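Trainee: Predicted structure and sequence below. I'll ask about it afterward.
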Amino acid sequence: MNTTVPIFTEIPETLQESMNNYLENHPDWDQNRVLTAALSLFLLQNGESDRRAARVYLETLFHQ
């Protein structure tokens with residue numbers, strides 16, 4: 001991943017709590033990494049055939 005851009009969004013509180021619980025148990029992950037992995041996987045699973053999305057997902061999953 002070369003360039004990053006900020007994204008601001010609201011998510012349900014229960015989802016935020018679940019993510020915080022995950023992060024507490026996985027200190028090598030942070031909120032940005034979780035959201036990047038989730039978004040890139042969503043795009044891959046829903047018809048986005050762009051190899052860049054696949055590359056971002058794999059880099060994020062395996063921590064660059």
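Mentor: Alright, I've got the coordinates.
Trainee: residues touching the closest residue to T36 other than its chain neighbours, list them.
Mentor: With CB to CB, 6 or more residues apart in numbering as the measure, T60 is the residue that lies nearest to T36, at 4.8 Å, once sequence neighbours are left out. Every C-beta, even on glycine, is put in place using the N, C-alpha and C of the backbone. Contacts here follow CB atoms under 8 Å, 6 or more residues apart in numbering; on that basis T60 touches 1, 33, 36-37, 40.
Trainee: ok, of these, which one's closest to S18?
Mentor: A37 (14.4 Å; CB to CB).
Trainee: Grab the longest helix from the chain for me.
Mentor: helix 31-45 (DSSP state H).
Trainee: Go through that one and flag the buried ones.
Mentor: 33, 36-37, 40-41, 43-44 (16 or more other CB atoms under 10 Å).
Trainee: What average pLDDT does it get?
Mentor: Average pLDDT, helix 31-45: 93.
Trainee: what angle sits between the following helix or strand past it and helix 31-45?
Mentor: Scanning forward in sequence from helix 31-45 by DSSP states H and E, the next helix or strand is helix 51-61. In terms of direction (axes from the mean of the first three to the mean of the last three CA atoms, to 10 degrees), helix 51-61 departs from helix 31-45 by 140 degrees.
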